[in-house]
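Undergrad: All I have is the shape, not the residue letters:
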């Protein structure tokens, strides 16, 4: 494990000279830095994936586990919108320094993501109707549930007259 962490540290290119442009490939000009960047990226991804599976993939509290796992897709979809809004409303008008702005953006965007997901969950549950569910071997009569259209069975016989 220690050697793996050493490899990650060694292959993480943290230099301030011979840098390329952020939106231009390759990111670093010397070949050895390009190799370190690619190898280090894969090592970081694999290491943290294994670490998360080993340590974090356990249900600690049913409600919070379901809430955090369920909100991950919403966080992925909406995070940039919240970051831009926080920058436009707080960071730029108040001319916050980089450190303070990063902290404000992190805390506020997380709060907005989780709060908006909570509201979406509440709105989604408000609209759902409780439908009867069949237990093992039990037949449920759906005629009592409003909004369900009853259809006649479709005739699938092949005895058509010509």
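TA: Sure, I can see it. These numbers were taken from a predicted model, which means no experiment stands behind them. Residues are numbered from 1 along each chain as shown.
Undergrad: on contacts alone, who are the packing partners of the longest helix seen in the chain?
TA: What stands out as the longest helix in the chain, according to DSSP state H, is helix 98-127. Contacts defined by 3 or more Cβ pairs under 8 Å, 6 or more residues apart in numbering; DSSP states H and E place helix 98-127 against helix 62-86. Where you see a C-beta, it was placed from the backbone N, CA and C, and this is true even at glycine.
Undergrad: Show the contacting residues for residue 59.
TA: Contact analysis of residue 59 by Cβ atoms under 8 Å, 6 or more residues apart in numbering lists residue 65.
Undergrad: That one belongs to a helix, doesn't it?
TA: No: Residue 59 is assigned coil when assessed by DSSP: H, G, I helix; E, B strand; the rest coil, not a helix.
Undergrad: give me phi/psi at it?
TA: Per-residue torsions, residue 59: phi -80, psi 110 (degrees, to the nearest 10).
Undergrad: for the record, mean pLDDT for the longest helix of the chain?
TA: Mean pLDDT, helix 98-127: 89.
Undergrad: orientation of it relative to helix 62-86 in degrees?
TA: Counting by axes from the mean of the first three to the mean of the last three Cα atoms, to 10 degrees, helix 98-127 lies at 120 degrees to helix 62-86.
Undergrad: Going forward, count from 33.
TA: Understood, numbering begins at 33; the last thing we discussed is helix 130-159.
Undergrad: List the buried residues in helix 130-159.
TA: Neighbour-count burial for helix 130-159, counted by 16 or more other Cβ atoms under 10 Å, picks out 133, 136-137, 140-141, 144-145, 148-149.
Undergrad: now stretch 62-77
TA: Neighbour-count burial for stretch 62-77 [16+ other Cβ under 10 Å]: 65-66, 68, 71-72, 75.
Undergrad: same thing with stretch 106-123?
TA: Result for stretch 106-123 [16+ other Cβ under 10 Å]: buried residues 107, 110, 114-115, 118-119, 123.
Undergrad: what does stretch 105-125 contact?
TA: 128, 133, 136-137, 140-141, 144-145, 148-149, 152.
Undergrad: how about the residues you listed in a markdown table, adding distance to residue 102?
TA: Below are those laid out as a markdown table (distance: Cβ to Cβ, whole Å):
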| residue | distance to residue 102 |
| --- | --- |
| 128 | 32 |
| 133 | 29 |
| 136 | 26 |
| 137 | 23 |
| 140 | 21 |
| 141 | 18 |
| 144 | 16 |
| 145 | 12 |
| 148 | 13 |
| 149 | 7 |
| 152 | 10 |
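Undergrad: Perfect, I'm done here.
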